[in-house]
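>>> Here is the input, now give the coordinates:
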Amino acid sequence: MFDDLRDAEAAFLRYEAVRDRLPVARFPAEAVFAPDLGAVADRWDGFVLDAFGVLNVGETPIAGAVARMAELRARGKKLCVLTNAASYTRAEALVKYRRLGFDFTADEVVSSRDVAVSRIGAMMPGAHWAAIAAEGDGFSDIPGRVGDAVADPALFDVADGVLFLSSARWTAALHLRLLEALARRPVPLVVANPDLVAPREDGLSQEPGLFAHDLIDRLGVVAHWFGKPFADGFDDACGRTGLAPERLAMVGDTLHTDVLGGRAAGMGAVLVADHGLFAGRDVRGYIARSGIVPDAVVATT
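Coordinates of the predicted model:
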């Protein structure tokens, strides 16, 4: 739909354009550059790990990532995965990581879907949700009444709120349909994946945050964000490790979600440069242009 958002430069510019909607953070004066995460691991007692671009690209594990997790455990480091892949519950994400060779436990995985689900019941008790979700996605974990709005767009006209979990089935026609419905009857928009794009084997996919920001631009809708770079997911991840934020580092492939979010949460931040958003590009220029400075930049996990 937004064909110009399929490369790193365009995604970077779009993130910068919505910067005032993102958390505010302080950054170090400059980043340390190192070959891999192991080379900087002694600076922290634990790591909150993005999945895409750090552990895997699409359905493929990054070479050496499984071994690196084992090494970090052997060095006594706490680990927690914090993923914006809101098509997955924590249990489903755990199955995926184990299939890829990782040995994370249920207590070491935080899904942005679970972060959202644990909070929207109190936010809108008993709400009727129009869910934008992936094919075959179930809703038994979501409080209230939930319908598949991709299969039945008429739900946009009657639901109490819109719950954006996945853009896998999203189309230009559906986006226009939602725009028209929200223009007639504004309701809250809950976004359980704030990412604009995500790295896949064949390039960058367009994610729910991209479409949500367009709705805000056009209509000024009220959006509730769950997932990086926003605070709730980091709070949950810290709780899983039992460590204070300053003893942790967020490890990710993006400046505006992983690095910005981690630093805003009081953590250190490590940018993995070679596998995700900035693969094949010199990250120094993007760091300078944005002012989002990680504590460390590593080529690979």
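
>>> who does the helix or strand bottoming out on mean pLDDT in the chain touch, helix- and strand-wise?
Within the chain, confidence by mean pLDDT, DSSP states H and E is lowest for strand 197-200 among all helices and strands, at a mean of 83. With contacts taken as 3 or more C-beta pairs under 8 Å, 6 or more residues apart in numbering; DSSP states H and E, strand 197-200 sits against strand 203-206. Backbone N, C-alpha and C define where each C-beta goes, glycine included.

>>> Distance from the strand it packs on to the middle of the chain?
How far strand 203-206 lies from its chain's middle: 14 Å, per C-alpha atoms, centre = their mean, to the nearest Å.

>>> Packing partners of the helix or strand just after it?
The helix or strand immediately downstream of strand 203-206 is helix 208-219, counting by DSSP states H and E. The helices and strands touching helix 208-219, judged by 3+ C-beta pairs under 8 Å, 6+ apart, are strand 161-164, helix 172-184, strand 189-191, strand 223-225.

>>> Would you mind putting these into TSV with distance to residue 44 and mean neighbour count alongside?
Shown next, in TSV, are the helices and strands packed on helix 208-219 (distance: least, C-beta to C-beta, whole Å; neighbours: other C-beta atoms under 10 Å):
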stretch	distance to residue 44	mean neighbour count
strand 161-164	33	25
helix 172-184	40	15
strand 189-191	29	26
strand 223-225	26	20
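
>>> neighbouring strands for the least confident helix or strand of the chain, and are they parallel or not?
If you go by DSSP bridges, strand 197-200 pairs up with strand 203-206 (antiparallel).

>>> how far does the least confident helix or strand of the chain sit from the chain's center?
Relative to its parent chain, strand 197-200 has a centroid offset of 10 Å by C-alpha atoms, centre = their mean.

>>> same check, this time on stretch 257-276
In terms of C-alpha atoms, centre = their mean, the centre of stretch 257-276 is found 11 Å from the chain centre.

>>> Backbone dihedrals for the residue nearest the centre of the chain, please?
Computing the C-alpha centroid of the chain and ranking residues by C-alpha atoms, centre = their mean puts residue 84 first, at 3.0 Å. Residue 84 has phi and psi values of phi -90, psi 10 when expressed as degrees, to the nearest 10.

>>> roughly how far apart are the spatially closest residue to it that is not a sequence neighbour and residue 255?
What sits nearest to residue 84 in space, not counting adjacent residues and going by C-beta to C-beta, 6 or more residues apart in numbering, is residue 227, at 4.3 Å. The spacing between residue 227 and residue 255, counted by C-beta to C-beta, to the nearest Å, is 16 Å.

>>> now do residue 68
22 Å.

>>> Pop the domain breakdown of the protein in here.
Using automatic domain parsing, the domain parsing of the chain gives 21-113+229-300, 126-225.

>>> As JSON lines, those with distance to residue 14 would be great.
Listed next are those as JSON lines, based on distance: least, C-beta to C-beta, whole Å:
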{"stretch": "domain 21-113+229-300", "distance to residue 14": "9"}
{"stretch": "domain 126-225", "distance to residue 14": "6"}
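
>>> hang on, the earlier thing: quick one, what contacts the residue nearest to the centre of the chain?
For residue 84, the contact set (C-beta atoms under 8 Å, 6 or more residues apart in numbering) comprises 50, 112, 193-195, 198, 207, 227-228, 233, 257.

>>> Please report which of the residues you listed has the highest neighbour count.
residue 228 (34 neighbours; other C-beta atoms under 10 Å).

>>> so what's the backbone phi/psi at that residue?
Note on residue 228: backbone dihedrals following degrees, to the nearest 10 are phi -60, psi 140.

>>> So residue 116 sits against residue 86, correct?
Yes: between residue 116 and residue 86 there is a contact under C-beta atoms under 8 Å: 7.0 Å.

>>> May I have the predicted confidence score for the closest residue in space to residue 23 that isn't next to it in sequence?
Distances taken as C-beta to C-beta, 6+ apart place residue 264 nearest to residue 23, at 3.8 Å, with adjacent residues excluded. The per-residue pLDDT reported for residue 264 equals 98.
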